[in-house]
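> The sequence and its predicted three-dimensional model are supplied below.
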Protein chains: 2
Amino acid sequence: MKTLNLDLQEKSYPIYIGQDLLSEGELLTKHISGKQVMIVTNTAVAPLYLKKVKNLLSSFELAQVILPDGEKYKTLGTLNCIFSALLENKFDRSCTLIALGGGVVGDMTGFAAASYQRAVNFIQIPTTLLSQVDSSVGGKTGVNHALGKNMIGAFHQPKCVLIDIDTLDTLDNQQYSAGMAEVIKYGLLGHLNFFNFLQENIQDLTDRDKSLIAEIIYHSCQYKTNIVAQDELEVGKRALLNFGHTFGHAIENTLGYGTFLHGEAISVGMLMAIKLSQLEGYLSSNQVVQVQDLLEKANLPISIIGKISVTDFMKAMLVDKKVINGNIRLVLLKELGHAFVCDDYKNQLLNQVINEFCQ
Amino acid sequence: MKTLNLDLQEKSYPIYIGQDLLSEGELLTKHISGKQVMIVTNTAVAPLYLKKVKNLLSSFELAQVILPDGEKYKTLGTLNCIFSALLENKFDRSCTLIALGGGVVGDMTGFAAASYQRAVNFIQIPTTLLSQVDSSVGGKTGVNHALGKNMIGAFHQPKCVLIDIDTLDTLDNQQYSAGMAEVIKYGLLGHLNFFNFLQENIQDLTDRDKSLIAEIIYHSCQYKTNIVAQDELEVGKRALLNFGHTFGHAIENTLGYGTFLHGEAISVGMLMAIKLSQLEGYLSSNQVVQVQDLLEKANLPISIIGKISVTDFMKAMLVDKKVINGNIRLVLLKELGHAFVCDDYKNQLLNQVINEFCQ
């Protein structure tokens, strides 16, 4: 097992990465201060790991909520189910919530914890590659609104993140690839060596070599903790982590949740950002091909499946947390492995990219 | 005009108290950093003051949401109306929300601001006595859940609080009295001199003497800012401000929102806490009569109107943020003007008080 520490003064917490961690009760229980524990999971994950996690917590007053599975349920309505369960079980401010599942479960459980009685503790046990390398770390929590993704939420840090790599054994290939999109993101935005490493090992990674998986998760989390420690509330540098996300969110919003997995939308979104970076003169066409090639080898989409009108896409882009006074700030690449926040790109080139990807 | 400062380091903010403040644009505008401003108000307040406030903000990109009036609308559903309005108007993270109204509007607007795009700025313009002396100051925001009052929320401090005493001119007597309950609370929990002052001046106060009103608002806010500055997140001393509230919330919850105004429920709740303090041997029966007398002169109820079963009341008390591990912590008085948090009261005496007030 490896441990990373996210350094945020009194809000600091460890990220445990390893195999068979769901058999080690103490890793989990030492981060629980009260008696009451609510496990929040979904219909896909509950049959696989709920019993195992409950076994670790037999000394606590335990309750559970099993949510429906899918991004389309990441709403205020579903959040209210968590609040109802907490209140029906008379859970008080000393309780701890545990998010057992992927990014949707983690984001909603975290926001429920941020808002229940004006904040209680929570712990992340991410069970998808995407949530292990991205959403479980850094304290971004929230739900979607019909008019925009992740528009309602809070910054609320967990007490620990427990990444048991063995939970990926039950993850289907599409979900696994979707997670790989966020892994590739770290290479593209900040780490050329890591990008090269991924290029070299993509075959073994799609074959699910566990030691390689442990390595890329550690590397991704290390990169993310480093950025979040410098800029928890995203007033600066943390925005770089949104590379591909303004485009990706617009894809998800216009296609409707469920057509693409989040990571798949991010794959296409990153490629759109890469193309714009090329048109702006930062990247060569050969570099674009390299990225496209890696995404394809990771079984990720490189074009939008389904029809989106250019106008709808533009509208959706305007509803994004990176928009300030109507200006869309984009994360582009200066070179492979070096992202920057850009707001003086040429609108005409942005339109060209959108036209190329939308029909 | 008088100004108080709530000292919370980088989150510090001023509280302006005076007459005709809604004519002074700069007081408001100097606390707005972006271009987009959303005024949140309700159907009762909008016809009275919305135009006036909009006039102060003509240089901004303005939008408004007019919510239905009443505690029963303080829900996640109504909150979502605010989010929809923000998104429909393409409001970004640099926007400012303005709460124009009483406690319900203030609590919901504050929580909307805390959660929209993971937090934007907001300003409080309280227009009821209750919100001017209590809920607009200190950053407690939130909504109710069917199973408990204020169970969902966040600590989120406003950029300023603008208390225009003239807005009380349009407040009906019942609402005015309800606010007086929270004023009397400050006397009871921390300030014998202030309690005596209220006893002496209660007739002029019910006659709405404006200079006296300004004085009690200033005094109440001063007391509250002092406590909040020491304990923003209510891990200690701030709990004293909940004097009467565990009983009061249980009354509201069992009677259903709308039967009693919040301040009216707090009036009875304080009297219940006072009676328990007497039974525990802290207060004399004469002191109980004094408090009861002041509440009556302030046109506040001293008994529960309507039937509540003892069992329902007990159940409702258990759903309260002051409950830890099933134990109800109560704020009692050691003497008039001196509250303390108590968890070793005799259960039998608590039952006696509940039996006396419920039928």
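Sure thing, it's come through.
> From now on I want contacts and neighbour counts done on CA atoms only, so please keep to that.
OK.
> Give me the contacts around stretch A:5-13.
A:Pro14, A:Ile15, A:Gln157, A:Pro158, A:Lys159, A:Cys160, A:Val161, A:Thr225, A:Asn226, A:Val228, A:Ala229, A:Glu232 (CA atoms under 8 Å, 6 or more residues apart in numbering or on different chains).
> repeat that with 6 Å
Here stretch A:5-13 makes contact (CA atoms under 6 Å, 6 or more residues apart in numbering or on different chains) with A:Pro14, A:Lys159, A:Cys160, A:Thr225, A:Ala229.
> so the third one touches A:Ile123, yeah?
By that I understand A:Cys160. Yes. Counting by CA atoms under 6 Å, A:Cys160 touches A:Ile123, with 5.4 Å between them.
> all helices of the stretch 1-150 of chain A, in order?
Secondary structure of the stretch 1-150 of chain A by DSSP state H, counting those that start in this stretch: the helices cover A:25-29, A:51-56, A:76-88, A:103-115, A:129-130.
> quick one: low-confidence ranges for chain A?
Counting by pLDDT under 70, chain A contains no low-confidence residues.
> Nearest the geometric middle of it, what residue?
A:Ser135 (3.2 Å; CA atoms, centre = their mean).
> For it, which non-adjacent residue is spatially closest?
A:Gly103 (5.7 Å; CA to CA, 6 or more residues apart in numbering or on different chains).
> give me the number of residues near the one you found?
Residues near A:Gly103, counting by other CA atoms under 10 Å in any protein chain shown, number 26.
> Over to A:Lys51?
A:Lys51, neighbours per other CA under 10 Å, totals 11.
> re earlier: from the helices of the stretch 1-150 of chain A, which stretch is densest packed?
helix A:103-115 (a mean of 29; mean count of other CA atoms under 10 Å in any protein chain shown).
> returning to that earlier point: from A:Phe260, how far out is the residue nearest to A:Ser135?
15 Å (CA to CA, to the nearest Å).
> Ok, A:Thr3 next?
32 Å.
> residues contacting the residue in the stretch 1-150 of chain A that chain B sits nearest to?
Closest to chain B within the stretch 1-150 of chain A is A:Arg118: 4.4 Å, counting by CA to the nearest CA. Contact partners of A:Arg118, counting by CA under 6 Å, 6+ apart, are B:Gly153, B:Ala154.
> swap the cut-off to 7 Å and go again
Taking CA atoms under 7 Å, 6 or more residues apart in numbering or on different chains, we find A:Arg118 in contact with B:Ile152, B:Gly153, B:Ala154, B:Phe155.
> Please flag which of those residues sit within helices.
Within those, no residue falls in helices by DSSP state H.
> okay if I get these as CSV plus neighbour count?
Listed next are the contacts of A:Arg118 as CSV, based on neighbours: other CA atoms under 10 Å in any protein chain shown:
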residue, neighbour count
B:Ile152, 24
B:Gly153, 26
B:Ala154, 27
B:Phe155, 21
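> Chain A next: which of the residues you listed are close?
Subset of those in contact with chain A: B:Ile152, B:Gly153, B:Ala154, B:Phe155, counting by CA under 7 Å from any CA of the partner chain.
> Out of these, name the ones that lie in strands.
B:Ile152, B:Gly153, B:Ala154, B:Phe155 (DSSP state E).
> Where do the strands of chain A begin and end?
Going by DSSP E, chain A shows strands at A:2-6, A:13-18, A:36-42, A:61-67, A:96-101, A:121-126, A:140-145, A:148-155, A:161-164, A:323-324, A:327-328, A:330-335, A:338-342.
> Distance to B:Ser94 for the ones you listed - can I get that in JSON lines?
Formatted as JSON lines, the strands of chain A follow (distance: least, CA to CA, whole Å):
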{"stretch": "strand A:2-6", "distance to B:Ser94": "28"}
{"stretch": "strand A:13-18", "distance to B:Ser94": "30"}
{"stretch": "strand A:36-42", "distance to B:Ser94": "33"}
{"stretch": "strand A:61-67", "distance to B:Ser94": "33"}
{"stretch": "strand A:96-101", "distance to B:Ser94": "31"}
{"stretch": "strand A:121-126", "distance to B:Ser94": "29"}
{"stretch": "strand A:140-145", "distance to B:Ser94": "18"}
{"stretch": "strand A:148-155", "distance to B:Ser94": "14"}
{"stretch": "strand A:161-164", "distance to B:Ser94": "31"}
{"stretch": "strand A:323-324", "distance to B:Ser94": "7"}
{"stretch": "strand A:327-328", "distance to B:Ser94": "12"}
{"stretch": "strand A:330-335", "distance to B:Ser94": "17"}
{"stretch": "strand A:338-342", "distance to B:Ser94": "17"}
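> what about these, which gets the closest to A:Ile251?
strand A:148-155 (10.7 Å; CA to CA).
> Report the contact partners of A:Ala119.
Contacts of A:Ala119 (CA under 7 Å, 6+ apart): A:Ala113, B:Ala154.
> Now with 6 Å, please.
Per CA under 6 Å, 6+ apart, neighbours of A:Ala119: A:Ala113.
> so how far is B:Ala112 from the residue nearest to the centre of chain A?
As judged by CA to CA, A:Ser135 and B:Ala112 stand 23 Å apart.
> picking that back up, nearest to A:Lys35, out of the ones in strands among the ones next to chain A among the contacts of A:Arg118: which one, please.
Looking across these and measuring by CA to CA, the closest to A:Lys35 is B:Ile152, at 20.7 Å.
> coming back round to it: so which of the helices of the stretch 1-150 of chain A is nearest A:Gln19?
Nearest of the helices of the stretch 1-150 of chain A (CA to CA): helix A:25-29, 12.8 Å.
> Show residues contacting the closest one.
Against helix A:25-29 from outside (CA under 6 Å, 6+ apart): A:Leu56.
> Quick one: distance of it to the chain centre.
From the chain centre to the centre of helix A:25-29 is a distance of 24 Å (CA atoms, centre = their mean, to the nearest Å).
> do stretch A:21-34 as well
With CA atoms, centre = their mean, you get 23 Å for stretch A:21-34.
> Next, the distance between the ends of it.
Termini of stretch A:21-34 sit 22 Å apart (CA to CA).
> check contacts around A:Arg238.
A:Ile227, A:Asp231.
> about what we covered before: have a look at A:Thr3 and A:Phe260 and say which one is more surrounded.
Under the neighbour definition other CA under 10 Å, A:Thr3 and A:Phe260 were set side by side, and A:Phe260 has more, 19 against 15.
> that older thread, turn the contacts of A:Arg118 into TSV, including distance to A:Asp169.
Listed next are the contacts of A:Arg118 as TSV, based on distance: CA to CA, whole Å:
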residue	distance to A:Asp169
B:Ile152	37
B:Gly153	38
B:Ala154	38
B:Phe155	40
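> now, which of the residues you listed sits nearest B:His249?
For the contacts of A:Arg118, the nearest to B:His249 is B:Ile152 (14.4 Å; CA to CA).
> I figured that closest one hits A:Ala113, correct?
No. The criterion here is CA under 6 Å, and B:Ile152 misses it with A:Ala113 at 9.6 Å.
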